[in-house]
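A.B. asks: Sequence first, then the predicted structure:
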Amino acid sequence: MFEALRKFLQTRAGVAITAVIMLIGLVVVVVAVKNSFGDGGAATLSAERVFIDADTGKPFEHTLKLGESIPVKAPSGKNTGYPGEACYWTKAGTPKTEPTWVLINQWKGSNEPTFCPDCGRLVVGHNPPAAGGMTPPPSKEEYAKNPRRGSRER
């Protein structure tokens, strides 16, 4: 049996099949090594973010590169891209599935609280996601009545 295999591998077809098998094996090894030692999922998630152009107010996706500083270059061509915060609330105080991306006032150099332009509710840095049964953040009017209320009560 081994003698027949050895003779087959010495033919053109045998050499071609051996080369294809070795090439497939090499691809498998490269993919395995890349998956084992490449960028982790957490690193990719922390680098791929939604930014907001401070000039236009429009959100855009950007992947941070090692050593890159904020503000990043925005689609407008200027370095006016700041990290956006996701707001998942509606005006009625119910959760929604698609976020409204908001630029926090602190990125603009203001200490004034930030309110979502869509729902009018308070948005803070590292804004917590909305969920059913949660108390929504205060609206601008509610916040004006009790400005000490903030993200800690949510």
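C.D. replies: Perfect, thanks for sending it.

A.B. asks: contacting residues around the residue nearest to residue 54 when sequence neighbours are not counted?
C.D. replies: Excluding the flanking residues, the one nearest residue 54 by Cβ to Cβ, 6 or more residues apart in numbering is residue 80, at 4.3 Å. Where C-beta positions appear, they are placed from N, C-alpha and C, glycine not excepted. Contacts for residue 80 (Cβ atoms under 8 Å, 6 or more residues apart in numbering) come out as 53, 54, 55, 71, 74.

A.B. asks: Quick check, pLDDT for residue 80.
C.D. replies: What the model reports as pLDDT for residue 80 is 93.

A.B. asks: for this structure, what spans make up the strands?
C.D. replies: Ranges of strands within the chain are 48-53, 59-63, 81-83, 85-89, 95-102, 114-115, 122-123, based on DSSP state E.

A.B. asks: mind giving me a markdown table with the ones you listed and columns for distance to residue 24 and mean neighbour count?
C.D. replies: Below are the strands of the chain laid out as a markdown table (distance: least, Cβ to Cβ, whole Å; neighbours: other Cβ atoms under 10 Å):
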| stretch | distance to residue 24 | mean neighbour count |
| --- | --- | --- |
| strand 48-53 | 32 | 19 |
| strand 59-63 | 32 | 15 |
| strand 81-83 | 43 | 21 |
| strand 85-89 | 43 | 22 |
| strand 95-102 | 42 | 15 |
| strand 114-115 | 54 | 20 |
| strand 122-123 | 51 | 24 |
